[in-house]
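Participant: What shape does this take:
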Amino acid sequence: MDPKNPFYSYLNNSLSEKEKNRLDVFFERESLRIKEWDPESMGNKDAVSDKIWGRILKNGKIEQKATHLRTIPLEFAAVVLLLIFAGLYILIDRSDSRGRSQEIWKEYHTVAGQRSTITLPDGSTVILNSASMLSHPRDFQGSTRRVKLEGEAFFEISHDKDRPFIVVSGQFVTQVLGTEFNVKSYPDERASVSVKSGKVLVQQGGKAIESGLNEVILYPNESAYIDANDGGLTKDKADLKEDLAWISGEIYLNEMSLDDLSKILERTYAVKVGFQIPELKQCRISGKLGRMNISQIMEVISNTMGLDYTMSNRRISITGKACKTSSKPEAYVNQ
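Facilitator: Numbering: from 1, shown residues only. The predicted model follows:
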């Protein structure tokens, strides 16, 4: 990225406190928005950023029609445009690694703090969560509709009895004809598939595990995940309110460790969370976090757990001697 780009300066801690505060306010507002991107205008996010910034420098001015841009100085216009337009970007014309006659694939990426809705060639809809990637053929051909997922997404699949829809995602291969379901497959987090409607076949990817199942059929309100003890595929009742909360910007905390919560906060709010005392990662919290900004969420965590924190340049440091826990979940929702 061009060092003259103000986003580069932000990441390298070389902006004034006033300038950083302006960008932090923008980050907070944009973290609650859901965006789509015009495939005809996409590109690598760093290249898009540098290109926008270069044009602004060349032109020397921008038209200030939008009210929320009038308080943002010229040097931050590139950042605003980048974050609005580069939340989801697409890499097009990627050949299928399986060598299927140079089949053309589209690849969608969301960055931390962004979610987006994607329409597939068959009319199916995908809501892609933060820090995720979805790829699919430019046109579904042949006897199946196959996509690849890294991260998390909610699928609403158009029914086609002759062409199963297949999601390949880390430890799972999920196959449906037409239904609504959620797939979660982030690195270092428990992978799961939850079904809202219809019927889903879930197969365990990779080498079969002798001690557990490697294939299950899920019906509405059921989920599957990899058992931590035997590594097998396990079927259980789903908590759809909890599993799908991310779509509306909520987080359900069911005895969740601060370590697991920090991963969610990092991808949802584009922050970096650290613990001065490693043992604090195992503190657990219950309740619900609504559509809050990151400052409000950290206040809830701090007050509930009896911990302290500092936040600067979207880097959060959590400290404290011990953490309080509660056996009764409490809800904290920003109305």
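Participant: Low-confidence ranges, this protein, go.
Facilitator: 1-13, 19-102, 206-213, 322, 324-335 (pLDDT under 70).
Participant: Name the single longest strand found in it.
Facilitator: What stands out as the longest strand in the chain, according to DSSP state E, is strand 145-156.
Participant: What pairs with it, parallel or antiparallel?
Facilitator: Here strand 145-156 is paired, per DSSP bridges, with strand 125-128 (antiparallel), strand 133-137 (antiparallel), strand 165-169 (parallel), strand 180-185 (antiparallel).
Participant: Rebuild the ones you listed as JSON lines, extending it with distance to residue 321.
Facilitator: Just so you know, the C-beta spots here come from the backbone N, C-alpha and C atoms, and that holds for glycine as well. Listed next are the strands paired with strand 145-156 as JSON lines, based on distance: least, CB to CB, whole Å:
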{"stretch": "strand 125-128", "distance to residue 321": "40"}
{"stretch": "strand 133-137", "distance to residue 321": "40"}
{"stretch": "strand 165-169", "distance to residue 321": "40"}
{"stretch": "strand 180-185", "distance to residue 321": "34"}
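Participant: Can you say which of those strands is nearest to residue 242?
Facilitator: strand 180-185 (10.6 Å; CB to CB).
Participant: Identify each buried residue in stretch 278-296, please.
Facilitator: 280, 283, 284, 285, 286, 287, 288, 289, 290, 292, 293, 294 (16 or more other CB atoms under 10 Å).
Participant: Surely residue 303 is in a helix?
Facilitator: Yes - assessed with DSSP: H, G, I helix; E, B strand; the rest coil, residue 303 lies in a helix.
Participant: gap between it and residue 296?
Facilitator: For residue 303, the distance to residue 296 equals 11 Å [CB to CB, to the nearest Å].
Participant: again with residue 171
Facilitator: 34 Å.
Participant: Give me the contact list for stretch 163-178.
Facilitator: By CB atoms under 8 Å, 6 or more residues apart in numbering, the surrounding residues in contact with stretch 163-178 are 122, 124, 140, 142-150, 155, 157-161, 181, 183, 185, 187, 191, 193, 198-206, 224, 226.
Participant: now those: which count as buried?
Facilitator: Counted by 16+ other CB under 10 Å, these give 122, 124, 140, 145-150, 155, 157, 160, 181, 183, 185, 191, 193, 198-205, 224, 226 as buried.
Participant: you'd agree residue 133 is up against residue 108?
Facilitator: Yes - contact criterion CB atoms under 8 Å: residue 133 and residue 108 qualify, at 6.7 Å.
Participant: neighbour count winner among the two?
Facilitator: residue 108 (22 against 15; other CB atoms under 10 Å).
Participant: Would you double-check that that one falls in a helix?
Facilitator: No - membership of residue 108 in a helix is not supported by three-state DSSP, which gives strand.
Participant: What number of residues are in the vicinity of the residue nearest to it when sequence neighbours are not counted?
Facilitator: The shortest distance from residue 108 to any non-neighbouring residue, by CB to CB, 6 or more residues apart in numbering, is to residue 134 (4.7 Å). The number of residues packed near residue 134 is 25, by other CB under 10 Å.
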